[in-house]
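Participant: Predicted coordinates and the sequence they were generated for:
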Amino acid sequence: MDSWYYATADRQRHGPVQAEQLRALARDGAIDAGTLVWREGFEQWRTLADAAAELGIAPLPAATLPSAPPPHDPYRVAPAAVAPQAPVFRPQVEFVPNHLVWAILSTLFCCWPLGVVAIVYATRVDARRAGGDVAGAWDASRKARLWAMWSALSVLILFAGIMLLAAIDGAFK
């Protein structure tokens, strides 16, 4: 128990130093009675005045105490860090397909107004599922799939209509 640490007024930690060096610092006036000191075995930082008897220093006059101990004790682990924490169990939420890929593809290659609506519903799926609203997530998933299919079908219907008009136009010539 010969290694000591001390903190200066600007909260800078110094050490380890031997007890003799700490006595010399006190004798020279580099540290005073209000200087915080610590060694292994102490639960918290103490003033030099409190540890004077242990160090063999004559009783020191009281001095102004620093507002807070210096950061980080080298050998002390905070009790909160040692206490075991209960594991956090998050309930498993069922997978809900968002159909975002189909919504984007139908927007790019099919009817973009219907595809945009499909994208909006597809993005709502994950947010609702994460919020715990599984029924709302399934509803948004169903609507995203429906709008993506209508976007794709609209192109097929349009193509079929054009082919029908071309066939009719060719038949009457």
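Facilitator: Alright, I've got the coordinates. Residues are numbered from 1 along each chain as shown.
Participant: helices or strands next to the helix ranked longest in the chain in the packing?
Facilitator: Assignment by DSSP state H gives helix 134-171 as the longest helix of the chain. On a contact count with 3 or more Cβ pairs under 8 Å, 6 or more residues apart in numbering; DSSP states H and E, helix 134-171 meets helix 100-109, helix 112-130. Yep, even glycine has a C-beta here, placed from its N, CA and C like the rest.
Participant: Could you export the first one as PDB, CA atoms only?
Facilitator: Looking back up the chat, that one is helix 100-109. Provided in PDB are the C-alpha atoms of helix 100-109 (Å, rounded to 0.1, in the frame of the first residue of the first chain):
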ATOM      1  CA  LEU A 100     -40.800  -2.600 -51.400                       C
ATOM      2  CA  VAL A 101     -38.800  -4.200 -54.200                       C
ATOM      3  CA  TRP A 102     -41.900  -4.900 -56.200                       C
ATOM      4  CA  ALA A 103     -43.200  -1.400 -55.500                       C
ATOM      5  CA  ILE A 104     -40.000   0.200 -56.800                       C
ATOM      6  CA  LEU A 105     -39.900  -2.000 -59.900                       C
ATOM      7  CA  SER A 106     -43.500  -1.300 -60.700                       C
ATOM      8  CA  THR A 107     -42.900   2.400 -60.300                       C
ATOM      9  CA  LEU A 108     -39.900   2.300 -62.600                       C
ATOM     10  CA  PHE A 109     -41.200   0.000 -65.300                       C
END
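Participant: hang on, isn't residue 155 packed against residue 111?
Facilitator: Yes - assessed by Cβ atoms under 8 Å, residue 155 is found in contact with residue 111 at 6.1 Å.
Participant: domains of this protein?
Facilitator: With domains defined by automatic domain parsing, the chain comprises 3-78, 100-171.
Participant: of all those, which has the lowest average per-residue confidence?
Facilitator: Mean pLDDT values for the domains of the chain show the minimum at domain 3-78, a mean of 76.
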